[in-house]
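Undergrad: dropping the sequence and predicted coords here.
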Amino acid sequence: MSSMKARLAQIGLVAAAIGVAAATPAGAAAPAATPGSTAFGLTATGPVSVPPLPLAQSAAATVTRSLARVNPDKLVDVGVLNVKASRGFASSEVAKLKVPSAGLFAEAVTAKCEAGRGTSHIVNALVAGKRLAVSPPPNTTVPFHVDGLGDGAVVLNKQERLPDGRLRVTALSATVPLGGGKAQTLAVSSATCGAPAHAVKPVKPVKPVKPVKPHAPKAAAPKPKPVQGDLPVTG
Amino acid sequence: MRTHRTRPRARAAVILPPVAALALVLGGCGQSPDAATADDRPVSAASPTGKTPETTTYAKIPALARDTGAADGGDGTVVHPTAPRPVFDRPGGRQVAVLPVTELGGPTWVPVVERSGTWSRVLLPSRPDQASGWISGEDGLRAARSPYTVRVDTARRTLTLEKSGTSVGAWKVAVGAANTPTPTGRTFVLAQLAPAKKTPSPLVIPLGTHSASLDTFGGGPGTVAFHGWPDASVFGKAVSHGCVRVPDAALRELSRVPLGTVVLISG
């Protein structure tokens, strides 16, 4: 009976947090038009759906949000979640991540985005028996296999440039196999920020210019400098 | 030729099979077997930090994605990693290699030939030829644009250099012989090397592709390159071991072409 009460308390906590998130004008997946900062601790898509929790958004003063625990389903259990957002800064700290079916455990998962640069750290983390690096390079993918359920993957220090120029760093993004070809997606500890206001120069209106191909950088590639050395090539 | 005078080379020619010996006789771009290479690492795909191999001209990484067979030069975007960068077999897929910061002693620049969201597919210099891989994001990547495209027609034995879609020049060149053909497909300018010996060429421009018929050449991994040649009678002929021998005027123009520039070789 006491476990039932605890379970209800957890669900209530999640429901309250969802209320907080729903009251926010825009979720993390759809950032506000103003390039502000966003941070959340956990979100899930798939058979188990969890909105970004807790969610902090701000384009000016510091906003902080905390949750003691999120345990929406047997699939995932997360301990303390603290997030913070302000102009040009966002951070997220998550403790005691557990995804038992994938053997995914982490003592702490943190992400920080500051002035358009992102970092993340993972402490004492394992997935399917593999130990995960504390500070992996951006977008490090670790594939894993769960007998009877299928293949999954964890992307560490996932760094994405959003269309509005902001950077989003997600410390841990996981695709967890559920069997039967189904999968659950989780994002743990995410922070999104833009360059600081002083770094953005006001731009005078200019005449329309000839459109360039998307993504093509304007900077000219450098003229090469020959390196002293030999390579036997197929003369 | 003067390049035969070193004794180590003469000894090597004696013990090698006839084809390999001929290869050395024809110069191998002027390198001698005892010359220090720009990158002295052994022919190995292992990275110094772990199991994931570095994608270099020395490595063979079968797990790399193959290029699509497209014959366009892309939009000219070339990227340089400022730190070793994971390479994946597909967007969000499996890491199969690491793109190092330098190639053959110079900065790594590779062309972007496809995009998917924040992911970019880049051409890579390892075997199997037509190797490519996906890298993610923009942080830690310096992006620039090369206005050049190099086209080699092995049937007509010509090299055409285009800048912003306009021809800068076209030259008759020497391409691979029938049994050691210049590999066709899309590749890129990997490096620029100034060899210790200026003959047969003061400048060697290795590409991101290899001979399909020679696994190794002169101790190297069979890398195909642009380079000069002192005997002008070879131009317009299929006589090399896979390299593209170009006239001095072409070499001068090619020396200005940024690393990472796409090279389209057709046959």
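TA: Received the coordinates, thanks.
Undergrad: contacts only, for B:Gly74.
TA: B:111-114, B:262 (C-beta atoms under 8 Å, 6 or more residues apart in numbering or on different chains). To be clear about C-beta, it is placed using only N, CA and C from the backbone, and glycine gets the same treatment.
Undergrad: farthest pair in those?
TA: Within these, two members stand farthest from each other by C-beta to C-beta: B:Glu114 and B:Val262, at 12.4 Å.
Undergrad: for those two, indicate the residue with more neighbours.
TA: Neighbour comparison, B:Glu114 and B:Val262: the larger count goes to B:Val262, with 24 against 17 (by other C-beta atoms under 10 Å in any protein chain shown).
Undergrad: can you read off the pLDDT for the closest residue in space to that one that isn't next to it in sequence?
TA: Leaving aside its chain neighbours, B:Val262 sits nearest to B:Gly73 (4.1 Å; criterion: C-beta to C-beta, 6 or more residues apart in numbering or on different chains). Residue-level confidence at B:Gly73 comes out at 81, pLDDT.
Undergrad: for B:Gly73, give me its contacts.
TA: B:111, B:149, B:186, B:262, B:264.
Undergrad: so where do the helices sit in chain A?
TA: Assigned by DSSP state H, chain A shows helices spanning A:2-23.
Undergrad: run through the bridge partners of B:Val112.
TA: With DSSP bridges as the criterion, B:Val112 is bridged to B:Val122.
Undergrad: got it, and A:Val142?
TA: Under DSSP bridges, the beta-bridge partners of A:Val142 are A:Val154.
Undergrad: what's around it, how many residues?
TA: Count around A:Val142 with other C-beta under 10 Å applied: 21.
Undergrad: ok so B:Arg252 is a helix residue?
TA: Yes. Counting by DSSP: H, G, I helix; E, B strand; the rest coil, B:Arg252 is located in a helix.
Undergrad: what pLDDT does it get?
TA: 97.
Undergrad: got the contact list for it?
TA: Taking C-beta under 8 Å, 6+ apart, we find B:Arg252 in contact with no residue.
Undergrad: compute the distance between it and B:Ala194, please.
TA: B:Arg252 sits 14 Å away from B:Ala194, going by C-beta to C-beta, to the nearest Å.
Undergrad: in the stretch 101-250 of chain B, which spans are helices?
TA: B:248-254 (DSSP state H, counting those that start in this stretch).
Undergrad: what parts of chain A come near chain B?
TA: Proximity of chain A to chain B, by C-beta under 8 Å from any C-beta of the partner chain, involves residues A:117-118, A:137-141, A:143, A:153, A:155, A:158-161, A:167, A:213, A:215-235.
Undergrad: for B:Val101, phi and psi?
TA: Per-residue torsions, B:Val101: phi -70, psi -30 (degrees, to the nearest 10).
Undergrad: how many neighbouring residues does it have?
TA: By other C-beta under 10 Å, 14 other residues sit near B:Val101.
Undergrad: quick one: it and B:Ala83 touch, right?
TA: Yes. With contact defined as C-beta atoms under 8 Å, B:Val101 counts as touching B:Ala83 (6.5 Å).
Undergrad: burial measure for whichever residue of chain A sits closest to chain B, as a count.
TA: The nearest approach of chain A to chain B comes at A:Gly229, 2.7 Å away (C-beta to the nearest C-beta). Under the neighbour criterion other C-beta under 10 Å, A:Gly229 is assigned a count of 22.
Undergrad: and if you look at the one 3 residues further on?
TA: Neighbour count for A:Pro232, taken as other C-beta under 10 Å: 26.
Undergrad: in the chain, which residue is closest to the centre?
TA: I'll assume chain A. In chain A, the centroid-proximal residue (C-alpha atoms, centre = their mean) is A:Thr170; its distance is 2.0 Å.
Undergrad: actually it's chain B I care about, not the one you picked
TA: The residue lying closest to the centre of chain B (C-alpha atoms, centre = their mean) is B:Leu207, at 1.4 Å.
Undergrad: tell me the buried residues in stretch A:109-129?
TA: Within stretch A:109-129, the residues that count as buried by 16 or more other C-beta atoms under 10 Å in any protein chain shown are A:109-114, A:116, A:118-122, A:125, A:127.
Undergrad: among those, name the ones in strands.
TA: Cross-referencing the buried residues of stretch A:109-129 against strands under DSSP state E gives A:109-114, A:118-122, A:127.
Undergrad: ok, B:Val262 - contacts?
TA: Counting by C-beta under 8 Å, 6+ apart, the residues that B:Val262 touches are B:73-74, B:76, B:111, B:113, B:123, B:146, B:149-150, B:186-188.
Undergrad: among the helices and strands of chain A, which has the poorest mean pLDDT?
TA: Using mean pLDDT, DSSP states H and E, helix A:2-23 stands out as the lowest-scoring helix or strand of chain A, at a mean of 36.
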